[in-house]
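Enquirer: I would like to see how this sequence folds:
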Amino acid sequence: MKITALRSDKIYEKIINAAPDEKLELYRQEMMGPFMTKWNIQQIPFRSSEPHGFDVITMNNFINIAPANITAEISEPLTAISSEAFWQECDEAVTTSLSTFKDNGIELSVSEYLYTILLGDQNSPTLQMNEGICGDGGIPGYIISNLIPGTYTLPRIQSVLAHECNHNVRYQFIQWDSYVTLGEMVVSEGLAESFATSLYGEELLGPWVAKTNMETLNTIIKPKMKDQLHVTGFEQINPYLYGDELASMQNFAPVGMPYAAGYACGYHLIQYYLNKTGKHITEATITPASDILAETKDFWNEETLFHR
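Expert: Now for the predicted structure:
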């Protein structure tokens, strides 16, 4: 198994020292270019055919520092991700996460992995809601974490990378298609966060779970979500998964859901499943959502208690 870190800190330094008219293309080629296969699979254009059209840079700028803003003024957050110790921590998280599956008898079909850490834009509403940290690991072989360095986010970088590694493994076994259901998404996010806590502890739960209290889960999220698990299409899935506020930013109709409802619900659903079946999180990770949902029908009608 080959794990490669794209040292974004080195690329940021190069862009800082580049001429203003060179920054955009340098970022596109050196930061986005190594993930070309991922963009192609997701059908995100590497370069828009129209001026100011949607492409990898447009997508990047929703969450991360835009190429034009990569100047000496970002020296403080850049320093936070420039140490050898930081990248060693990241390397250990990815290596440990992927090795955990092999150690539990699960052979992975993908043998090469590329990951990086991108500096988040402090003005991004999406990143603000996520307390300055998030990630993307749904395409096997490619993992990205987005980070505004700080006392809350830096201790969580390993846990977030573990979360994304879990997605990376699941979708080597579960076929992703355009008819993915809300149930699959809820299960997937619950598996990823449960895997992360199995390695790094519940005290490092992501905000997408920790910010939801049990009263909200039991009285709002579960009753509204339980009959919607079959829905498909991101315009229907996203409001339940991310909550009304983020869905509205994506121009989707609100459904009365709080922040990251599907993530929080998924986490507690998978905890229920693991406790009921006694399965290891690695085995659960490669289990179809239909099997997990069939085993957890009582979850939706029972009060969930958070034991920490």
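Enquirer: and the gap between the spatially most central residue of the chain and Ala253?
Expert: For the chain, the residue nearest the mean C-alpha position is Gly135 (3.5 Å; C-alpha atoms, centre = their mean). With distances taken as C-beta to C-beta, to the nearest Å, Gly135 is found 26 Å from Ala253. Yep, even glycine has a C-beta here, placed from its N, CA and C like the rest.
Enquirer: if we can go back for a sec, give me the sheet partners of the helix or strand encompassing the residue nearest to the centre of the chain and which way each runs.
Expert: Element membership for Gly135, per DSSP states H and E: strand 133-136. According to DSSP bridges, strand 133-136 forms sheet pairs with strand 142-147 (antiparallel).
Enquirer: mind listing what's buried in the partner strand?
Expert: Tyr142, Ile143, Ile144, Ser145, Asn146, Leu147 (16 or more other C-beta atoms under 10 Å).
Enquirer: picking up where we left off before, distance from the strand holding Gly135 to the middle of the chain?
Expert: 4 Å (C-alpha atoms, centre = their mean, to the nearest Å).
Enquirer: with stretch 69-88 instead?
Expert: On C-alpha atoms, centre = their mean, the centre of stretch 69-88 falls 21 Å from the chain's centre.
Enquirer: buried ones in it, by neighbour count?
Expert: For stretch 69-88, by 16+ other C-beta under 10 Å, it's Ile70, Pro77, Leu78, Ala80, Ile81, Ser82, Phe86, Trp87.
Enquirer: excluding its backbone neighbours, what's nearest the last one?
Expert: Spelled out, that is Trp87. Spatial nearest neighbour of Trp87, chain neighbours left out: Ala5 (5.8 Å); criterion: C-beta to C-beta, 6 or more residues apart in numbering.
Enquirer: and the one you found, what does it touch?
Expert: Trp87, Cys90, Asp91, Tyr115, Thr116 (C-beta atoms under 8 Å, 6 or more residues apart in numbering).
Enquirer: out of those residues, which are buried?
Expert: In the contacts of Ala5, the ones that pass as buried (16+ other C-beta under 10 Å) are Trp87, Cys90, Tyr115, Thr116.
Enquirer: including distance to Asp298, pLDDT and secondary structure, could these go into a markdown table?
Expert: Output for these, formatted as a markdown table (distance: C-beta to C-beta, whole Å; pLDDT from 0 to 100; DSSP: H, G, I helix; E, B strand; the rest coil):
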| residue | distance to Asp298 | pLDDT | secondary structure |
| --- | --- | --- | --- |
| Trp87 | 44 | 98 | helix |
| Cys90 | 39 | 98 | helix |
| Tyr115 | 38 | 98 | strand |
| Thr116 | 41 | 98 | strand |
